[in-house]
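Colleague: no letters, just coordinates:
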């Protein structure tokens, strides 16, 4: 890596890390801010956030196409500014309609930003360097989330309106800092024109082999709701372990991912390894689900051990899923439509994330151990077809992208 590349990476990492701290604060306090401080019924909050989640899905492809034309860096800076304004707008929310509007902008920009960030990295780096940078960004974001969660815990301890306001203002400031740091990053190459219908009828949305691969891989992102929603419900309602065990599981998971995402990701170098990584991720996540069923009906000590083993399986599965998703989404895309393809990848994952918490809560909260078995089956079903689908998609690349096929063994 030359000096200029090193400077670019440092700016990307610093901006992502600062933003990660703000995200950790917000993720920790948002639920109690909306329900306890503002007095909104939890059911309405959940409904509003689910409705708002569709905004990012609708906007991901058009925004990706705009990034292809106007530059991913420029568009990502604008998204940071939009999220800063939307974060502050939470201070003005006074009803369900206002919450839906603010959350639609805030959450929608998050989904869109994931794809644009991937397009920016893809435009600035080549080959294995792309995966290495994405992995390091994810590592610093997780580290920042952990630090931010500690700050959020202090806010919850104070549990006063002024503390929630301070947390929201701080989160908004981190988006401004991330945008400012992007000013020192060069612009990625652009295509000079926008795809038909701003991406809604462009190359990515018509690339069925690409969608066939990335859709089941996106399904593996259920692993995030498994940890954030399923484990707390299960530990508190069906095991003898204290609820704090679930919080500890999230912290341990974040620390392990921060430490291991880069070394794992750089070993997933081509399409063949990425497909196998995604398939294995499905198996490991299914194992984690089945292990959790063993935590019920035991002593507290045994439950803690079983949950710990399940979390380790979950972490291994998540590491492989993320590395596989990155490599597949980059190796199979058209280089002249990076924004479109990364926007599509973000939209597919966003679809899953919009409904994942409700699905996991229904399975685990409503069906108990049977729910974990069903969730394990979902993970296996998502991972199983990835290898043959990736092989088929790789063979279609010459016609789709004018490039030699990606290596698939």
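Modeller: That came through, no problem. No experiment lies behind these values; they were computed from the predicted model shown.
Colleague: can we go C-alpha only for contacts and neighbour counts from here?
Modeller: Will do.
Colleague: what bits of the stretch 301-409 of the chain have low per-residue confidence?
Modeller: Along the stretch 301-409 of the chain, segments meeting pLDDT under 70 span 398-409.
Colleague: pretty sure residue 326 sits against residue 129.
Modeller: No - contact criterion Cα atoms under 8 Å: residue 326 and residue 129 do not qualify, at 11.9 Å.
Colleague: which one of these two is surrounded by more residues?
Modeller: It is residue 326, of residue 326 and residue 129, that has more neighbours when counted by other Cα atoms under 10 Å, with 22 against 15.
Colleague: just checking, residue 209 touches residue 386?
Modeller: No - in this structure residue 209 lies outside contact range of residue 386 using Cα under 8 Å: 11.2 Å.
Colleague: show me where the stretch 1-150 of the chain has its helices.
Modeller: 3-32, 42-70, 72-89, 96-124, 128-158 (DSSP state H, counting those that start in this stretch).
Colleague: give the buried residues for the shortest one.
Modeller: This points to helix 72-89. 72-77, 79-89 (16 or more other Cα atoms under 10 Å).
Colleague: over to the fourth one?
Modeller: Applying a neighbour-count criterion of 16+ other Cα under 10 Å, one finds 99-124 buried in helix 96-124.
Colleague: residues in contact with residue 286?
Modeller: Counting by Cα atoms under 8 Å, 6 or more residues apart in numbering, residue 286 touches 375, 376, 377, 379, 380.
Colleague: just the buried members of these?
Modeller: Here the buried ones among those, as counted with 16+ other Cα under 10 Å, turn out to be 375, 376, 377, 379, 380.
Colleague: quickly name whichever of these is closest to residue 137.
Modeller: Proximity of those to residue 137 (Cα to Cα) peaks at residue 379, which lies at 25.8 Å.
Colleague: can you tell me the element that closest one falls in?
Modeller: Using DSSP states H and E, residue 379 falls within helix 369-383.
Colleague: could you do residue 213 as well?
Modeller: Using DSSP H and E, residue 213 falls in helix 208-219.
Colleague: follow-up on the earlier one: next SSE after the helix holding residue 379?
Modeller: helix 386-401.
Colleague: who does that next one touch, helix- and strand-wise?
Modeller: helix 208-219, helix 271-293 (3 or more Cα pairs under 8 Å, 6 or more residues apart in numbering; DSSP states H and E).
Colleague: how far off centre is that helix?
Modeller: In terms of Cα atoms, centre = their mean, to the nearest Å, the centre of helix 386-401 is found 25 Å from the chain centre.
Colleague: taking helix 271-293 as reference, get the angle to that helix.
Modeller: For helix 386-401 against helix 271-293, the angle by axes from the mean of the first three to the mean of the last three Cα atoms, to 10 degrees is 140 degrees.
Colleague: buried set for helix 386-401?
Modeller: 386-387, 389-397, 400-401.
Colleague: buried stuff in the lowest-mean-pLDDT helix or strand in the chain?
Modeller: One helix or strand of the chain scores below all others by mean pLDDT, DSSP states H and E: helix 42-70, with a mean of 75. Neighbour counts over helix 42-70 (16+ other Cα under 10 Å) mark 45, 48-57, 59-70 as buried.
Colleague: highest mean neighbour count out of the helices and strands packed on helix 386-401?
Modeller: Across those, averaging neighbours per residue (mean count of other Cα atoms under 10 Å) puts helix 271-293 on top, at a mean of 26.
Colleague: low-confidence ranges in the stretch 1-150 of the chain?
Modeller: For the stretch 1-150 of the chain, the ranges with pLDDT under 70 are 1-3, 55-56, 60-61.
Colleague: what's the end-to-end length of stretch 267-276?
Modeller: 12 Å (Cα to Cα, to the nearest Å).
Colleague: centre of the chain to it, how far?
Modeller: Distance of stretch 267-276 from the chain centroid (Cα atoms, centre = their mean) equals 20 Å.
Colleague: name the nearest residue to residue 253, ignoring sequence neighbours.
Modeller: Leaving out its chain neighbours, the residue that sits closest to residue 253 by Cα to Cα, 6 or more residues apart in numbering is residue 315, at 6.1 Å.
Colleague: kindly tell me how buried the one you found is, as a neighbour count.
Modeller: With other Cα under 10 Å as criterion, residue 315 counts 25.
Colleague: how much space separates the nearest residue to residue 122 once chain neighbours are set aside from residue 330?
Modeller: Once flanking residues are discounted, residue 122 sits nearest to residue 130: 5.9 Å by Cα to Cα, 6+ apart. Using Cα to Cα, one obtains 9 Å as the distance from residue 130 to residue 330.
Colleague: anything in contact with each of those two?
Modeller: Common contact partners of residue 130 and residue 330 (Cα under 8 Å, 6+ apart): residue 122.
Colleague: contacting residues for residue 136?
Modeller: Contacts of residue 136 by Cα under 8 Å, 6+ apart are 13, 261, 262.
Colleague: run the last query once more with 10 Å
Modeller: 9, 12, 13, 16, 142, 258, 259, 260, 261, 262, 263, 265 (Cα atoms under 10 Å, 6 or more residues apart in numbering).
Colleague: now these in a markdown table, with distance to residue 285 and neighbour count?
Modeller: Output for these, formatted as a markdown table (distance: Cα to Cα, whole Å; neighbours: other Cα atoms under 10 Å):
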| residue | distance to residue 285 | neighbour count |
| --- | --- | --- |
| 9 | 31 | 21 |
| 12 | 30 | 22 |
| 13 | 28 | 22 |
| 16 | 27 | 26 |
| 142 | 20 | 27 |
| 258 | 19 | 23 |
| 259 | 19 | 16 |
| 260 | 17 | 17 |
| 261 | 16 | 25 |
| 262 | 20 | 21 |
| 263 | 20 | 13 |
| 265 | 18 | 26 |
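Colleague: take these and write them to TSV, including distance to residue 245.
Modeller: Shown next, in TSV, are the contacts of residue 136 (distance: Cα to Cα, whole Å):
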residue	distance to residue 245
9	36
12	34
13	31
16	28
142	19
258	20
259	21
260	22
261	23
262	27
263	28
265	28
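Colleague: that older thread, between the helices and strands packed on helix 386-401, which one is closest to residue 338.
Modeller: Among the helices and strands packed on helix 386-401, the nearest to residue 338 by Cα to Cα is helix 208-219 (13.0 Å).
Colleague: residues contacting residue 247?
Modeller: Per Cα under 10 Å, 6+ apart, neighbours of residue 247: 227, 228, 231, 232, 253.
Colleague: just checking, residue 306 touches residue 291?
Modeller: Yes - the pair residue 306 and residue 291 passes the contact test of Cα atoms under 10 Å, sitting 6.6 Å apart.
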